[in-house]
Every structure is written in structure tokens, then in C-alpha cells.
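Engineer: Sequence plus the predicted model coming up.
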Amino acid sequence: MMGWDADTWTKVFSLALSVGAMVFAWFATRSKHVDGQFKAGSKRMTEIETRVSAVEQQMNAMPSQQDFHRLELTLSEIGGDIKAMRAERGATNEAIARIERVVSRHEDHLLDGSKS
């Protein structure tokens, strides 16, 4: 190695510099590519987090099992109230029919009494 002249040293240095530049370029472009992939992955993760948050908000706004149970009980009570109202309406209709018959008899009596 000591017997190399300046021209040989220049060629070896030039070769080493070229190989070093290629290695540096390979690492630099590789890290840029990896950085790009990380940025794209980060963007997708942010979008997914946004979508998951929206779904969580919708799920929190939905009624729970207890809410449905209370609704079922309330509807059952309303159904019972409607049945009771039907029974009362039937009784009221019968009372009105009796009153109409009595009024009709009174009218008939008054009309017949005025003819005699």
C-alpha cells in the first residue's frame, strides 16, 4: 500500500467517495420513503380516530337496555289505561242511552198530554 502513487490514491478516493455517496443516497431516499409511509399511516390513524369518536358519540346517544325496559313498562301502563278508558266509555255510553230513553219518554208524554 505504501507503493501507491497519487493517481492510484485519487482513483481509490474517488471510488470510495462514489460508494459513500450511493450509500448515503440510498439511506436518504429510504428514510424519506419511510417518513412518507409514516405520515400516510398517521393520517389514516387520525381519520380512523375521528370516525371511532363519531361512532362512540352515536352509541352514547342511543337508548340503553334500561331505557327500553322503562319504555316497555310505560307502554304497558298506557295499554292498561286505554282498556280502563274503553270500559268507562262503554258505561258512559250506556248511561247516555238510558238518559236519551228517559228524555224520549218525557217528550212522548208531554206531546201526548198536549193532544188530550
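Structural biologist: The structure has been received and is ready for your questions. Numbering: from 1, shown residues only.
Engineer: now the helix or strand where Ser104 lies, how far from the centre of its chain.
Structural biologist: Ser104 belongs to helix 65-115 when assigned by DSSP states H and E. Centre-to-centre, helix 65-115 and its host chain are 45 Å apart (Cα atoms, centre = their mean, to the nearest Å).
Engineer: Kindly report the same for stretch 25-34.
Structural biologist: In terms of Cα atoms, centre = their mean, the centre of stretch 25-34 is found 42 Å from the chain centre.
Engineer: And for stretch 61-78?
Structural biologist: So, by Cα atoms, centre = their mean, the centroid of stretch 61-78 is 19 Å from its chain's centroid.
Engineer: again, but for stretch 9-29
Structural biologist: Taking Cα atoms, centre = their mean, one finds stretch 9-29 lying 58 Å from the centre of the chain it belongs to.
Engineer: What mean pLDDT does that stretch get?
Structural biologist: Throughout stretch 9-29, pLDDT has a mean value of 86.
Engineer: Other residues contacting that stretch?
Structural biologist: Defining contact as Cβ atoms under 8 Å, 6 or more residues apart in numbering, one finds that stretch 9-29 is touched by Trp4. The way it works is simple: take the backbone N, C-alpha and C, and place the C-beta from them, glycine included.
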